[in-house]
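Colleague: Kindly return the folded structure for what I paste below:
(one chain, ligands or ions: 1)
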Amino acid sequence: QKSKRLALPPGPKRLPLIGNLRDLTLTGLWLEARKWAQQHGELVYLNVFGQGLLFVNSYEAAVDLLEKRGAIYSDKPKMVMAGELCGCENMIGLTPYGERLRRQRKLMLQALGANRVHEYHPLLEIQTHNLLQGILNAPDDSQNIIRRYTGGLTLLIVYGYRVLSNTDRILDMAGESLELLSNRIAAAGVVWLVDLFPPLKHIPTWFPGAGFKRNAALWKGKMEAFVNVPYEYTKDQMRQGTAVPCYVSMLLDDASLENKEQTVDNQRDFDIRWTANSLYAASFDTTISAVSHFFLAMIQHPEILQKAQKELDSVVGNSRLPTFSDRANLPYVNAVVNETLRLSSPVPLGLPRRITEDNVYKNMYIPKGTLVFGNNYNMTRDEAVFPNPEEFNPERYLEEDLDEVTAKARDPRNYVFGFGRRRCPGQWMIDSSLWIAIASMLASFDIRKAVDEFGNVIEPEVVYDNSVFTTLKPFKYDIRPRSAQAVKVIREAKGLSD
Ligand code: HEM
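Modeller: Now for the predicted structure:
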């Protein structure tokens with residue numbers, strides 16, 4: 001075949017047999033991937049034990065391949081370890097491209113799409129008030145409070161489940177499952193031998209080297225509980241007539257209305273159960289990453305914090321908290337949110353795709369079966385679009401009268417949510433939840449670098465702690481209400497337990 005005579009895309013030098021195995025790092029692979037992009041260009045190809053990995057580094061190539069050729073670039077790798085052995089095969093991020101995926105994505109868009117998301121705004125405002133009240137009551141524990149807020153937010157929206165304390169059974173279970181999923185089971189950079197040699201799945205658990213199977217059995221149990229326990233909670237609440245409107249109850253209601261019966265068919269039940277779980281799984285670390293990058297930026301740039309606060313004071317005043325109706329009048333705050341999305345780039349390499357046919361792009365040969373990563377980390381740092389790209393600079397969004405093409409190129413949402421048929425279905429939800437959280441925290445708190453017992457300023461240490469998401473190792477900061485009036489407004493705001 002002619003295409004096979006073409007060269008593969010360039011990439012770091014490969015060693016015999018193991019190929020680029022040593023080039024893969026467990027955390028921060030995106031930092032390496034950016035260096036390769038700078039060295040080799042818009043496509044970079046690696047090979048690990050015969051498995052090809054393609055990094056798509058430019059927006060143009062991402063649109064050409066992941067969107068325009070979506071029919072062959074939207075499938076997922078079959079992951080024996082994560083999928084079959086650990087019970088995650090029905091998570092949306094791992095679901096093969098086809099009829100089931102299209103059905104499930106339709107369901108998610110039906111409930112969370114651009115024209116439905118405003119229905120969740122009242123819930124988002126209440127959950128944000130709870131966040132502010134939590135921080136006010138225990139500023140030194142704000143990192144845990146943010147985790148509780150993030151987990152609680154999705155449990156509320158997806159399952160109608162309220163988290164009212166730091167020690168919540170479902171919240172803990174979900175947290176543990178996600179930790180396992182992204183750092184053990186499906187960690188980028190971790191290559192399970194059984195994925196390269198699937199027949200290994202048949203070796204007995206007692207066999208030397210079969211530790212992965214014993215782990216998998218343990219993890220599978222945890223993953224199943226993570227999928228089923230919250231879902232059964234909502235169904236129970238619905239049976240008792242006490243369910244709050246949420247993703248699951250809304251879709252189950254719609255479904256039973258459609259068949260005019262009390263029960264939903266198995267396929268619908270399966271689709272709602274798994275999409276609900278995937279929404280939870282996909283929103284937790286992404287939100288944590290964005291929020292912690294926001295804190296990092298605020299303590300590094302007090303002048304930006306002050307400018308945003310000034311805008312909030314003049315538009316919202318100090319007798320109430322911001323609401324979604326203020327959004328259009330807060331260009332600077334909106335620019336802070338944009339810059340947070342861009343620099344946090346929460347899923348920096350996207351979620352891996354698998355190409356289902358041999359393909360040629362600009363005279364480079366991309367073999368069938370190659371895993372494909374949309375390197376949005378690199379795109380959000382494109383000097384031509386974002387001059388001085390590592391700098392947190394909201395002003396870059398404030399230029400007026402931009403032509404449509406430039407305005408689009410400067411919107412980080414075009415990169416950070418991925419591309420084409422697998423693009424993030426939670427993008428409208430996070431766009432709302434992140435905005436209200438950031439606007440409300442800016443309006444309520446001063447956030448600064450922490451100071452140690454000798455009065456020395458503690459510089460934040462920026463260390464990634466995850467292999468798929470850009471979540472940061474906790475760093476210290478000082479957060480306190482801006483004024484007695486801010487305290488009063490926070491205390492009076494309607495919260496979850498009201
Ligand atoms: C700032 C926050 C977020 C970012 C940056 C983000 C980004 C992404 C990216 C890059 C992908 C892979 C897209 C691709 O393959 O091209 C993805 C997939 C996904 N995201 Fe998000 N996401 C965020 C928040 C959320 C939230 C809040 C939800 C749920 C409410 C969510 C649900 C999902 C799901 C279910 C998928 C899998 C889609 C599929 O495989 O077809 N995400 N996200």
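Colleague: Now do the contacts for the residue nearest to Arg162 when sequence neighbours are not counted.
Modeller: Take Arg162 and drop its neighbours on the chain: the residue closest to it by C-beta to C-beta, 6 or more residues apart in numbering is Leu496, 5.6 Å away. Any C-beta I mention is one placed from the backbone N, CA and C, and that applies to glycine too. Counting by C-beta atoms under 8 Å, 6 or more residues apart in numbering, Leu496 touches Ile126, Gln127, His129, Asn130, Gly152, Leu156, Arg162, Leu164.
Colleague: try it again with 6 Å
Modeller: Contact partners of Leu496, counting by C-beta atoms under 6 Å, 6 or more residues apart in numbering, are Ile126, Asn130, Arg162.
Colleague: neighbour-wise, which of the residues you listed leads?
Modeller: Highest neighbour count within the contacts of Leu496: Asn130, with 25 neighbours (other C-beta atoms under 10 Å).
Colleague: can I assume that residue is in contact with Ala493?
Modeller: No. With contact defined as C-beta atoms under 6 Å, Asn130 does not reach Ala493; the gap is 8.9 Å.
Colleague: Val44: what secondary structure?
Modeller: Judged by DSSP: H, G, I helix; E, B strand; the rest coil, the three-state class of Val44 is strand.
Colleague: who touches stretch 352-365?
Modeller: Applying C-beta under 6 Å, 6+ apart, the set of residues contacting stretch 352-365 is 3, 6, 8-9, 72-73, 75-77, 366-368, 370-373.
Colleague: which among those end up buried?
Modeller: 8-9, 72-73, 75-77, 366-367, 370-373 (16 or more other C-beta atoms under 10 Å).
Colleague: before we move on, back to that, closest to Thr242 out of the contacts of stretch 352-365?
Modeller: Nearest to Thr242 out of the contacts of stretch 352-365 is Lys76 (C-beta to C-beta; 37.6 Å).
Colleague: Work out for me the element the closest residue to Leu312 other than its chain neighbours sits within.
Modeller: Using C-beta to C-beta, 6+ apart and skipping the chain neighbours, the partner closest in space to Leu312 is Ala443 (4.6 Å). According to DSSP states H and E, Ala443 maps onto helix 427-444.
Colleague: hmm, back to that, in three-state terms, label the residue nearest to Arg162 for me.
Modeller: coil.
Colleague: and it, backbone torsions?
Modeller: With angles defined as degrees, to the nearest 10, Leu496 sits at phi -70, psi -40.
Colleague: Could you do Leu402 as well?
Modeller: phi -80, psi 150.
Colleague: Can you tell me the number of residues neighbouring the closest residue in space to it that isn't next to it in sequence?
Modeller: Of all residues not flanking Leu402 in the chain, Arg410 sits nearest, at 7.2 Å (C-beta to C-beta, 6+ apart). Arg410 has 16 neighbouring residues, counting by other C-beta under 10 Å.
Colleague: Show the pLDDT at Tyr361.
Modeller: Turning to Tyr361, the model gives it a pLDDT of 97.
Colleague: So in terms of bridging, what pairs with it?
Modeller: Bridge pairing for Tyr361 (DSSP bridges) gives the partners Met364.
Colleague: Can you tell me how far it is from the ligand?
Modeller: 17 Å (C-beta to the nearest ligand atom, to the nearest Å).
Colleague: how many other residues sit next to that residue?
Modeller: Neighbours around Tyr361, by other C-beta under 10 Å: 17.
Colleague: repeat for Gly134
Modeller: Quick note: Gly134 (other C-beta under 10 Å) scores 20 neighbours.
Colleague: same deal with Glu400?
Modeller: 5.
Colleague: Point out the residues in this protein that sit beside the ligand.
Modeller: Residues of the chain found near the ligand (C-beta under 6 Å from any ligand atom) are 92-93, 105, 278-279, 282-283, 286, 290, 346-347, 350-351, 374, 416-419, 422-426, 429-430.
Colleague: In strands only, show me the residues you listed.
Modeller: Members of the residues of the chain next to the ligand lying in strands (criterion: DSSP state E): Gly374.
Colleague: Check the gap between the closest residue to Ile145 other than its chain neighbours and Met441 for me.
Modeller: Among residues not flanking Ile145 along the chain, Gly134 sits closest, at 4.0 Å (C-beta to C-beta, 6+ apart). To Met441, Gly134 is 11 Å away according to C-beta to C-beta, to the nearest Å.
Colleague: what's the answer for Asp168, then?
Modeller: From Asp168 over to Met441 (counting by C-beta to C-beta), the distance is 22 Å.
Colleague: same question, His293
Modeller: On the measure of C-beta to C-beta, His293 and Met441 end up 13 Å apart.
Colleague: swap in Ala450?
Modeller: Applying C-beta to C-beta to Ala450 and Met441 gives a distance of 17 Å.
Colleague: repeat for Arg102
Modeller: From Arg102 over to Met441 (counting by C-beta to C-beta), the distance is 38 Å.
Colleague: do Leu112 as well
Modeller: 24 Å.
Colleague: related to what we said a few turns ago, of the buried ones among the contacts of stretch 352-365, which pair is most distant in space?
Modeller: Leu8 and Lys76, at 21.8 Å, using C-beta to C-beta across the buried ones among the contacts of stretch 352-365.
Colleague: can you tell me the helix or strand for the nearest residue to Arg116 once chain neighbours are set aside?
Modeller: Spatial nearest neighbour of Arg116, excluding adjacent residues (C-beta to C-beta, 6+ apart): Gln110 at 7.3 Å. Under the criterion DSSP H and E, the helix or strand holding Gln110 is helix 99-112.
Colleague: how about the CA coordinates for that helix, as PDB?
Modeller: Only the C-alpha atoms of helix 99-112 are listed here, as PDB (Å, rounded to 0.1, in the frame of the first residue of the first chain):
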ATOM      1  CA  GLU A  99     -24.800   3.600  18.300                       C
ATOM      2  CA  ARG A 100     -24.600   3.300  22.200                       C
ATOM      3  CA  LEU A 101     -22.300   6.300  22.500                       C
ATOM      4  CA  ARG A 102     -24.500   8.500  20.300                       C
ATOM      5  CA  ARG A 103     -27.600   7.500  22.300                       C
ATOM      6  CA  GLN A 104     -25.900   8.300  25.600                       C
ATOM      7  CA  ARG A 105     -24.400  11.600  24.400                       C
ATOM      8  CA  LYS A 106     -27.900  12.600  23.200                       C
ATOM      9  CA  LEU A 107     -29.200  12.000  26.700                       C
ATOM     10  CA  MET A 108     -26.400  14.100  28.300                       C
ATOM     11  CA  LEU A 109     -27.000  17.000  25.900                       C
ATOM     12  CA  GLN A 110     -30.800  16.700  26.500                       C
ATOM     13  CA  ALA A 111     -30.300  17.300  30.200                       C
ATOM     14  CA  LEU A 112     -27.100  19.500  30.300                       C
END
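Colleague: what's downstream of that helix, the next helix or strand?
Modeller: Downstream of helix 99-112 (by DSSP H and E), the next one is helix 121-137.
Colleague: Next, the angle from that next one to helix 427-444.
Modeller: If you take axes from the mean of the first three to the mean of the last three C-alpha atoms, to 10 degrees, helix 121-137 sits at 40 degrees to helix 427-444.
Colleague: So which residues make contact with the helix or strand just after helix 121-137?
Modeller: Where DSSP H and E defines the elements, the next helix or strand beyond helix 121-137 is helix 142-159. The contact list for helix 142-159 (C-beta under 6 Å, 6+ apart) reads 120, 127, 131, 134-135, 161, 163, 166, 171, 174, 230, 234, 246-248, 276, 279-280, 283-284, 287-288, 291, 474, 479.
Colleague: Thanks again, I'm all set now.
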